[in-house]
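Asks: Here is a sequence with its predicted model. Questions after.
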Amino acid sequence: MLEALLLYPEAFAGHPRQHPFNSVRGDSMRNACRLTMIGFLFCGVLVLAQNPPAPTRAPLLDQVAKTYGIDSWDQVDAIRYTWNGEITGLFKTAHKWEWEPKTGKVSYEGTDKDGKPVNVSYVRTDLGSQSDAVKTQIDPSFINDNYWTLFPFHAYWDKSASAIDQGKFNLPVRPGMAELLPIKYPADSGYTPGDTWDLYVGKDNRVVYFVYIRGGAKPPSRVFATWAGYKKAGPILFSTEHKGTADGKPLHIFITDVAVKVTGSDKWMDAQ
């Protein structure tokens, strides 16, 4: 299993139609209290005198989500992909996933911490009845890998996160300029409260680079990575190649074997 989870913004927000994780919000909150590997998540009830103001959501975020296929998301019955990740000196691993957003079913193929093969399927609304390995290792890895694979959608779905268009900025570590769109998660909710994803958006509304800044103390605290290797599977656009650094260590994450199955068809459409 992945020994050091990379990116853990909140895994639930938005209304049911938009956020496919929304149906498991209750179970996620209950189980998150037991996931000490994730960081500081406080489960409880906060009574507010009034509702907080809605976060700012720049129109550019909608444009990015549309570019990746958000308007066709309702057609998606299943997605499969293999998440491959390596941080020099920390870990090297591969996770094979198949996810049905409408049913919440997740299938995983990979290895455990001892290198033994693992093949398991579960429904995320039933996490409470799953093994400790599923609750504390496999499902957290699913969330991590899914955010890497589909982050433009998650940024759109996660309505508690702010998205403020900062205008054009130089790319962090290479020549060129792009529109800077920070996605900022609130400091009082989520798996690692206060996370920020600085998205650098090109003229075609595709993300070309991002900087991840963790809100908590768990490493890595800062990740720089390219967004490249664009491929389309059915109506959905994927970035399959990410190279950069995590706290200064070389980072390589790449998504392979991507395919989508749409409503009304039993055939997988491979990314190309």
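Replies: Perfect, I can see it now.
Asks: which residue is nearest the centroid of this protein?
Replies: Residue closest to the average C-alpha location in the chain (CA atoms, centre = their mean): Y147, at 0.9 Å.
Asks: which SS state does that one fall under?
Replies: helix (DSSP: H, G, I helix; E, B strand; the rest coil).
Asks: does it really touch H154, like I thought?
Replies: Yes. Counting by CB atoms under 8 Å, Y147 does reach H154; the two are 5.5 Å apart. Heads up, the C-betas are built off the backbone N, CA and C, glycines and all.
Asks: ranges for the helices of the stretch 151-272 of the chain?
Replies: For the stretch 151-272 of the chain, applying DSSP state H, counting those that start in this stretch gives no helices.
Asks: and what of the stretch 1-150 of the chain?
Replies: Using DSSP H, counting those that start in this stretch, helices in the stretch 1-150 of the chain cover 25-32, 59-68, 132-133, 139-157.
Asks: would a markdown table of those with distance to L199 be doable?
Replies: Formatted as a markdown table, those follow (distance: least, CB to CB, whole Å):
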| stretch | distance to L199 |
| --- | --- |
| helix 25-32 | 24 |
| helix 59-68 | 7 |
| helix 132-133 | 33 |
| helix 139-157 | 7 |
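Asks: Which of those sits closest to F238?
Replies: Taking CB to CB, helix 139-157 is the member of the helices of the stretch 1-150 of the chain nearest to F238, at 6.7 Å.
Asks: Would you mind listing the outside residues contacting stretch 149-158?
Replies: 9-10, 13-14, 18-22, 61-62, 64-65, 67-68, 70, 73, 79, 81, 83, 146-147, 161, 163, 183, 185, 197, 199, 207, 210, 238, 255, 258 (CB atoms under 8 Å, 6 or more residues apart in numbering).
Asks: Put the alpha carbons of that stretch into CSV.
Replies: Written as CSV, here are the backbone C-alpha positions of stretch 149-158 (Å, rounded to 0.1, in the frame of the first residue of the first chain):
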residue,chain,number,x,y,z
THR,A,149,-6.9,11.8,-11.5
LEU,A,150,-9.9,14.1,-11.4
PHE,A,151,-8.9,17.2,-9.5
PRO,A,152,-10.6,19.7,-11.8
PHE,A,153,-13.9,18.0,-11.1
HIS,A,154,-13.3,17.9,-7.3
ALA,A,155,-12.4,21.5,-7.3
TYR,A,156,-15.7,22.2,-9.0
TRP,A,157,-17.7,19.8,-6.7
ASP,A,158,-16.1,21.0,-3.4
